[in-house]
Structures are given as C-alpha cells and as structure tokens.
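Asker: please find the sequence and the predicted model below.
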Amino acid sequence: MKNLSQISNPFNDDKVIANCGLFGMMSLEGNTCSGKDIIRAIANMRVRGNGLGGGFAAYGIYPEHADLYAFHIMFQDRSAKEQTELLLKDSFKIAAEEEVPHRYNPGVSDPPIVWRYFIDTPNSVPVEYADDYVVEKVMTINTKIDNAFVFSSGKDMGVFKGVGHPEDIGNFFCLEDYSAYLWVSHSRFPTNTQAWWGGAHPFSILDWTVVHNGEISSYGTNRNFLEMRGYFCTMHTDTEVMAYAVDLLIRKHKLPIEIAAKIMAAPLWAEIEQMDDEERQMLTMLRQVYSGLLINGPFTVILAHQGEMIGLGDRVRLRPLVAGIKDDMLYLSSEEAPMKLIRPDLEYTWIPKGGEPIIGKLDTKEVIYQNKPVQIGMDNNAVNLVA
Amino acid sequence: MLSTLLPEFKVERDDSRCIRCKVCVRQCGFDTHKYDEEDDEITSSEEKCVGCQRCAVMCPTNALTIKPHDWGYRPNANWSKDHFRELHRQAESGGVVLTGSGNDKPYRIYWDHIVLNASQVTNPSIDPLREPMELKTYLGRKPEKVEYDPVTKKVSADMPPQVMIEVPVIFSALSYGAISYGAWKALLMAAKEAGTLCNTGEGGWPIELRKYSNRVIAQCASGRFGVDLDYLNAASIVEIKIGQGAKPGIGGHLPGEKVSSDVSLTRMIPEGTDALSPAPQHDIYSIEDLSMLIYALKEATHYEKPISVKIAAVHNSAAIASGMVRAGADIIALDGIRGGTGAAPKIIRDNVGIPIELALASVDRRLRQEGIRNQASILVAGGFRNSGDIVKAIALGADAVYIGTSALVAMGCTICQKCYTGICNWGICTQDPYLSKRLNPDIAKKRLVNMVRGWGLEIKEMLGGMGINAVESLRGNREHLRGIGLEQWELDVLGIRGAGM
C-alpha cells in the first residue's frame, strides 16, 4: 500500500497547514459560461496563494456523457496509467477516454499525465450501490496504485488542479474551452508541504467537491471520529477531514446540508438554550451525537455538487467569506473585489454570519440563507438580510 | 513493648512568641501538645504529630513550626526512612500497615512530562474573555447516527439518557462515613452550585440530602451499603464500583468506631459494626455477571439513567473496558494508581495498579479501534492536581475527570495520610463531632466552588490558546500534546509525539 501521507505531508507534521483564497460562482438557472471569468476572479486574490496549488471544479461540462461517471485521473508515470487502466477495465464499462486537453504554460512545473474516462458501473452492481462501488474503486486507486491519483469521479463534472498559481493552472487546462453553470476555484498557500498535484484543491469524491481555507484545531478529534467510521485520513489535510465529514453526513447519514452545517459549525449552547423546544432538542441531540464532527478553529469552505453550491464559515467567523447575488448568479468569495472585477454591476454583497450556510439551488432556482429563500432578481431581500 | 519508632515530625515552638493560649493543645486530635499549669509551659510529644499543620495554621502568633524530622539513620539508598518505619510498625503490631490518601511514591507522573500546544500565525488563538468558550459536556452512551425524515424535516435518534455537566470536573467517590457529614454535604452543595456532579461513594446517601438529586452519582459497591430503589432512583447516574485505584483487587473496611448512629442509618447496618466491603462484588465473577447487574440497575431505574462502571486501572484495562461497554456500561470510570482512599493497606496502595495516563490512553485507543468509543463516556480519576492535568486528560480521550484529593485539599486537607485513624484535625475525614464541627459546610462549599470556577477559567484559557472554543473538540485530540523526557514506548502508549516533532 502506498503511503499518501508521505507524498502529501513529506515532513511528517501533525498535518498539512495551508491557508487560501476561494471563489465560487453559480447560475441558478443553469446558464453556462466559460472558465475565463473565474480565472480572472481567483487571479485577483493572488496574495492568498503562493503558487504551490491552484485548482478548479466545473459542473455541467460533459452533457454528452451526463449519465456516466467522469474520472479525472493524474498519473506520474506510464506504469501507473497501465495499472489503473487494468483496474478500470476490470471494474467498469468504459464508454470513452482521452487525455485532458492542455497547453504549455511556463508557470506550471512538472505536470503529470491527466486523463479522463467516461465510465459506467457493471450490470452486476445494483443501481442503489453504484456510488458506494465507485467510492471503493477510487479509494483503491488512490491508496494502492503508486503515482496515480483520482482528481474527480462525478457525473457531468470535473476537477482540474495542479501545482502553480490558479490562473496558470486554468490556462494550462484550457478552461476557457469549457462551459459550466457552476465554477469553483481555489488558490493555495501551504506552509509545510512540497508541491504535489494531488494535494491541490478542490478535493473531490463522486460529484462532491470541497475547496477549503482554514486550519482545523479539532483535527485529531475529527479524524478519530471519522476513522472509527471507516474513513482513513491518509493525506493528513484538514480538507480531507472536511470532505469525509460531508460524505458521512450527507451521503451516508442522508442529512440535508442545512443540518450538516449545524453539526460542523454548531450553534453555541447559549444560542441553543434560547431556541424553542423542538429546535433546542434537535440541536442538542446533534451536538451530543456528532460532537466529534464539530469543526473547530478557522475555516471557510465552498462545497459543491450537481445542482448545489454551499458556502459555510466557522461559527465564530475566523476566515473570510463574502456572498453576492445579481440576476441569476450567486457568488461566494474570500474577498469582495474579485466579484466586482468580473461583475462590475454587482450591487448586493454581504458577509454571512458564522455557521450559517448559504445554499444556491438549481432545482428551485433559489438561494437559501438563514433558512429563508432569497428570490433571484429581488435584490431587496439581500438588503434586508444585510440589515 | 518499647516503640522503636522515631517521630516523623519535629515541633519547634518559639517560646518568645507563645502566649500560652492553648489553641494548639485543643486543636490536635492526636494529643501532641500538653499544657503544664504548674510550669506554665506547653510541651509537645513529637511521636504523636502527623504533620497536618493544623496547630501551626491556627496559632495566633505563628509560634509553631512543624518540620519533617531529620532522622539520623545512616543513609541507605535501599532502606529508606519509610521502609524502616513500616517494618518497625509491623514488628510492633504484627498487622497490615494501613494508610490513607493516594500513592505518594515517585512513579512517573506523566502529566509533568506532557506539554500543550498553542496557536501561532496560521490559526488564531481565541480570547475567552471576549469570545464564547464552551465547557458543557454530556455524559452517556451516544447513538451511531441520527435519522432524518425528509417529509417532516425532523431528526430523531434513539437517544440513551444523557447527563449534562457545566465543567468537565466531577467530585469523586468519597463516602459518608469515610468523610464527615459536613464535608460530604459541602461536596453535594458545591456540585449543585458549580453545575457538576458529586459521587456518593459507597456509604449511602442521607435522606435529607436527596434534594441535591439532579447532581449526584449514586454508587453501588460490593457492600451495597445504603442501596435501595429510592437511592438508585434519586440519582442522575448510577455507578457500579468494581475497583478503586488506591486498592485494586481488595475491598474496604470502615472500622466500627466510625459507624455512628447516623452513619449506621445511612449505610443500613447496625451501629458500631465494621462496614466490610468484599473484595469482589459477589454477584459479579465474570463479564456476563456484570452485564446482568448493569441491566438490573437499568431496569430498576427505568432506563432513565446512565450506568457507569468504575474499575481500577490495571494491566488489561483496555480489554476489560471494551468488555464493559459491550456489557452495557454507558460510562467507563478508570481510577489510576495515584487515586486516593480513606483507608488501604499501604503495600497495596504503593504497589498495585498503573498510572491513569497510560490506562486512559490505551482504553480510549481500544474503544476507537473497536468502533465503540461513542457508546460510552470515559471518566478518569487518580491524582489530578490542577486544570492543566485535566486539559491533558481530555486531549488523551477523557470526557471528564473525577477529583477526590483535590476536593479535599480545597476544603483544607493537607494530605497527612491519617484518614484511616478516624482522627482528622481539619474536620474532614472523621466522625468525631468535636473534630467534624470544625468544618463549616458553607465555607467548604464556597472553597470547592471557587476551585471549580478557577479551573474552568483556566481550561478556557488553554482551549483558547489552542484555537478551540468547545471542549468536545479537544477530546482525544492528541495532536495538541507533546511528550518531554519520555521513552519511545511511553510515547507510543500515550499516542503522542515527542516535543519538537
């Protein structure tokens, strides 16, 4: 078994420490746009990264293969590719495959081979277990095959990431050629890691992606809780803990994101005591059962999956998050300036409360904040929220 | 027989300061000081002095100094003063040498070899004076997950009983009988005021003090003293006591002299008889027997109270604890080798058991490895001296900490280790009304509450420094600990890195 922690955490610190810039944009009506804007936006926060990691997630980019799992896999050598392809052929039906298009960029050092496969689970796997089957195979590739790492494995989406500033990574992967209704980006500032393409954000499993800015001071507690439930934190990163927590709560325990947010950024006991009986009982129960998943210390995350983009900050707001809405667009960012850069007519932005998720939903074309919908095009609501 | 024992303490009286007020004469329950009216002089029989410092503290002119006696034996690395003394005592009595309080031998105190982390640059430390900081803890078995109903949008869970404490510090089992009524009442009142819990110990629970019921852990030990249905149902938590850190593997013995009429009533035994707790619980000879008692108590309390099982920390604690959780225990209480006692054979106290730090680390690890850590809370006892020890214990995996000796010290105890004599000049560990009335329960309560409050503030400071604002985020978070001066095997057992790593 390969030791991912040695690759991700070469100095064997407690964990990888990184601070970052985040940007996310989503059309609630499903209108697509190219990667040009998000590259400009994340480049505008250049001081939030140090060139040791940049990445993007894009949703709605493979409409011709929308029903197939799109695997983006990086290989550091040919043998890794051969071994992985053997495993894929044994485990899946492969409908199409190709190298992910890229161009030379002097800011991108030592790129690996990045290939994409459009695949389906074999007939022997019941539909309801297809996701679990895919997760298992992704874990096998990541932990058993040297020099291979799965960037993403969801349907009609993909992750593009690497070592370099995000604008160079975006240029390298020709993101201006893709059309997505939801874009997420990340600029990384690790303090204790050597450059490894797999260590850049977004982190992804199935169609979930996480970009994260923070340092989790509850890391050991969270890791214990997740390891007891079969997740192995092989990369020693906060983001890995965050991704597994989301997977456990949302996919396995089938909780909606609003409730998952109340677990990871739980309201204070003093606030819970002020609530009405029903809500108080619910939140007390959540804190009792999931005390090991309270994410303590500074963090902001942008979570995304097909049809949803979620921004969430820690409960005492130790990392920045700004939200903005205009027409059909929801923007989430570490800073306000990049939103205004790509959308000069953006009027309404606000700083969300700590622990309150902002959720953009494609199906209802709504933004939900503080459990209330913000209707698109009715910017006055946003004004009320700010007040 | 001529006693060959030398005095343990030297009493120095500054005659120029002594005003012959005779406070020292009255204060010493061991009759160390005597007033000679003819010569107007106070003399001291040093062989009776236990070094409790009561007379020195009470002396209005600070005329008294009590110092350890500088014994003149030839120095010998093998034969220490203690060895001499115990063997001489034994040769004179032919009995088991008794003692009180916790182990005072220099076994490694791991707390003093573990240091804590603090945030710098990449993660802000949190100022508890300006930011919220949460110490609230719920004890009891936790379910694996909650269920969400997408139709009603409600969550539900099959939630076993939970007991809340405002600070992760609980008063340990100190029985009424071992300690005085006033001291026992002070602990109960302090637990209520400080929002924590108080363990009854194995001596029952006087009826008139049951109004403090929502803050009490009722112990069910091998002697079953004072245990009936009302007793069990009055408590918040019921604890089965299997063992005690100060005397693993042996029972208890409250001498008949301490069984006053009130103690007799509370313990449900005849006045003046010895209260003997058998070494094992005679209905528990195996793990399945334990399970039966756990469920008998759950039935008796209508599944409304968590059931705790307390064991002494011994070599196979991890495997035993895992069995206890599977047997139905909602709380595991571990008592380490430095845990206190009212009376124990000195040879047992000094030689049996393992340090709580190692037991805690291995039990927490084992329960996690077996995927059952959520099924029980872990309470630890045995030598906790300050809030730093407590923070380190939580980071090693404890839910909360039991304190016994620290609570006694807060009330005035000076750890003279004479609890087994029934004489306590501080009025704590005695049933003699002349001595016990010295302890004012309201003042003792205030001192206990002050200690818990002070520790709470200090714990918040340490949490804030680590960038944590809720105590549950520290639980088992061993990344915040580093060892200093420890061998690799010790670091491995503790599951921590050496400092600088």
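Answerer: Sure thing, it's come through.
Asker: what helix or strand is the nearest residue to A:Ile250 once chain neighbours are set aside on?
Answerer: Spatial nearest neighbour of A:Ile250, excluding adjacent residues (Cβ to Cβ, 6 or more residues apart in numbering or on different chains): A:Ala260 at 5.6 Å. (C-beta placed from N, C-alpha, C; glycine too.) Using DSSP states H and E, A:Ala260 sits in helix A:257-264.
Asker: show me what that helix is packed against.
Answerer: helix A:238-246, helix A:277-289, strand A:308-313 (3 or more Cβ pairs under 8 Å, 6 or more residues apart in numbering or on different chains; DSSP states H and E).
Asker: is chain B within reach of the helix or strand following that helix?
Answerer: Using DSSP H and E, the helix or strand that follows helix A:257-264 towards the C-terminus is helix A:269-273. Yes: contact of helix A:269-273 with chain B (Cβ under 8 Å from any Cβ of the partner chain) involves A:269-270.
Asker: for helix A:269-273, which outside residues touch it?
Answerer: A:279-280, A:283-284, A:287, B:132, B:134, B:136 (Cβ atoms under 8 Å, 6 or more residues apart in numbering or on different chains).
Asker: count the residues that sit near B:Val303.
Answerer: Rather than Val, residue B:303 is Tyr. 13 (other Cβ atoms under 10 Å in any protein chain shown).
Asker: wait, isn't it in contact with B:Pro161?
Answerer: Yes: using Cβ atoms under 8 Å, B:Tyr303 is in contact with B:Pro161, at 7.1 Å.
Asker: for B:Asp289, the count of nearby residues, please.
Answerer: Per other Cβ under 10 Å, the neighbour tally for B:Asp289 reads 15.
Asker: my read is that it contacts B:Asp283, right?
Answerer: Yes: under the criterion of Cβ under 8 Å, B:Asp289 makes contact with B:Asp283 at 6.1 Å.
Asker: state the distance from the residue nearest to A:Lys365 when sequence neighbours are not counted to chain B.
Answerer: Distances taken as Cβ to Cβ, 6+ apart place A:Leu28 nearest to A:Lys365, at 4.6 Å, with adjacent residues excluded. In this view, A:Leu28 and chain B are 22 Å apart by Cβ to the nearest Cβ, to the nearest Å.
Asker: show the contacting residues for A:Leu28.
Answerer: A:328-330, A:360-362, A:365-367, A:376.
Asker: the strands in the stretch 301-450 of chain B, which residues?
Answerer: B:307-312, B:331-335, B:344-345, B:377-381, B:400-403 (DSSP state E, counting those that start in this stretch).
Asker: so in that sheet, which strands flank the last one, and in what orientation?
Answerer: Strands adjacent to strand B:400-403 in the sheet, as given by DSSP bridges, are strand B:169-171 (parallel), strand B:377-381 (parallel).
Asker: closest to A:Asn123 out of these?
Answerer: strand B:377-381 (47.3 Å; Cβ to Cβ).
Asker: before we move on, the earlier item: just the buried members of the contacts of helix A:269-273?
Answerer: A:283-284, A:287, B:134, B:136 (16 or more other Cβ atoms under 10 Å in any protein chain shown).
Asker: from those residues, pick the one nearest A:Asn222.
Answerer: The nearest one, if we look at these relative to A:Asn222 and count by Cβ to Cβ, is A:Arg287, at 14.4 Å.
Asker: surely the closest one meets A:Leu293?
Answerer: No: using Cβ under 8 Å, A:Arg287 is not in contact with A:Leu293; the gap is 9.8 Å.
Asker: next, show the common contact partners of those two.
Answerer: A:Ile263.
Asker: low-scoring stretches of chain A, by residue?
Answerer: A:1-6, A:8, A:15-18, A:191-194, A:375-387 (pLDDT under 70).
Asker: swap in 80 and give it another go.
Answerer: A:1-19, A:190-195, A:232-236, A:374-387 (pLDDT under 80).
Asker: quick one: residues contacting residue 147.
Answerer: Since you didn't name a chain, this refers to chain A. A:Asn147 makes contacts with A:75-77, A:79-80, as judged by Cβ under 8 Å, 6+ apart.
Asker: actually chain B
Answerer: B:155-157.
Asker: rewinding a little: correct me, but the residue nearest to A:Ile250 touches A:Val246?
Answerer: Yes: using Cβ under 8 Å, A:Ala260 is in contact with A:Val246, at 6.5 Å.
Asker: on that earlier part again, report the angle between the helix holding A:Ala260 and strand A:308-313.
Answerer: Angle of helix A:257-264 versus strand A:308-313, following axes from the mean of the first three to the mean of the last three Cα atoms, to 10 degrees, is 20 degrees.
Asker: strands paired with the helix or strand where A:Phe189 lies, and their directions?
Answerer: Using DSSP H and E, A:Phe189 sits within strand A:182-190. Strand A:182-190 has the following sheet partners, assigned by DSSP bridges: strand A:18-27 (antiparallel), strand A:54-59 (antiparallel).
Asker: now render those strands as JSON lines, adding distance to B:Trp426.
Answerer: Converted to JSON lines, these look like this (distance: least, Cβ to Cβ, whole Å):
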{"stretch": "strand A:18-27", "distance to B:Trp426": "55"}
{"stretch": "strand A:54-59", "distance to B:Trp426": "67"}
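Asker: interface residues of the stretch 101-250 of chain A facing chain B?
Answerer: Going by Cβ under 8 Å from any Cβ, the residues of the stretch 101-250 of chain A near chain B are A:191, A:215, A:217-221, A:224, A:227-229.
Asker: rerun that using 10 Å as the cut-off
Answerer: Contacts of the stretch 101-250 of chain A with chain B, taken as Cβ under 10 Å from any Cβ of the partner chain, map to A:189, A:191-192, A:214-225, A:227-230, A:248-249.
Asker: restricted to helices, list the residues you listed.
Answerer: A:219-225, A:227 (DSSP state H).
Asker: most neighbours out of those residues, which is it?
Answerer: Top of those by neighbour number is A:Thr221, holding 31 neighbours under the definition other Cβ under 10 Å.
Asker: so what's that one closest to, chain neighbours aside?
Answerer: A:Thr221 sits nearest to B:Asn477 (Cβ to Cβ, 6+ apart), 4.4 Å away.
Asker: show me what contacts that neighbour?
Answerer: Going by Cβ atoms under 10 Å, 6 or more residues apart in numbering or on different chains, B:Asn477 touches A:217-224, A:292, A:296, B:117, B:394-397, B:466, B:468.
Asker: returning to that earlier point: quick check, nearest of the contacts of helix A:269-273 to A:Asn44?
Answerer: Checking the contacts of helix A:269-273 against A:Asn44 with Cβ to Cβ, the nearest one is B:Pro132 at 33.9 Å.
Asker: who are the contact partners of the nearest residue to that closest one once chain neighbours are set aside?
Answerer: Distances taken as Cβ to Cβ, 6+ apart place A:Leu268 nearest to B:Pro132, at 5.1 Å, with adjacent residues excluded. When contacts are counted by Cβ under 10 Å, 6+ apart, A:Leu268 touches A:274, A:287, A:315-316, A:354-355, B:132-134, B:136, B:469-470.
Asker: quick one: A:Asp247 and A:Val138 touch, right?
Answerer: No: A:Asp247 is not in contact with A:Val138 according to Cβ atoms under 10 Å; the separation is 11.4 Å.
Asker: what's the overlap in contacts for these two?
Answerer: Common neighbours of A:Asp247 and A:Val138 (Cβ under 10 Å, 6+ apart) are A:205-206.
Asker: one step back: and the strands paired with strand B:400-403 as TSV, adding distance to A:Phe23 and mean neighbour count?
Answerer: Formatted as TSV, those follow (distance: least, Cβ to Cβ, whole Å; neighbours: other Cβ atoms under 10 Å in any protein chain shown):
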stretch	distance to A:Phe23	mean neighbour count
strand B:169-171	46	29
strand B:377-381	43	28
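Asker: can you name the residues bridging to B:Glu12?
Answerer: Under the criterion used (DSSP bridges), B:Glu12 bridges to B:Thr65.
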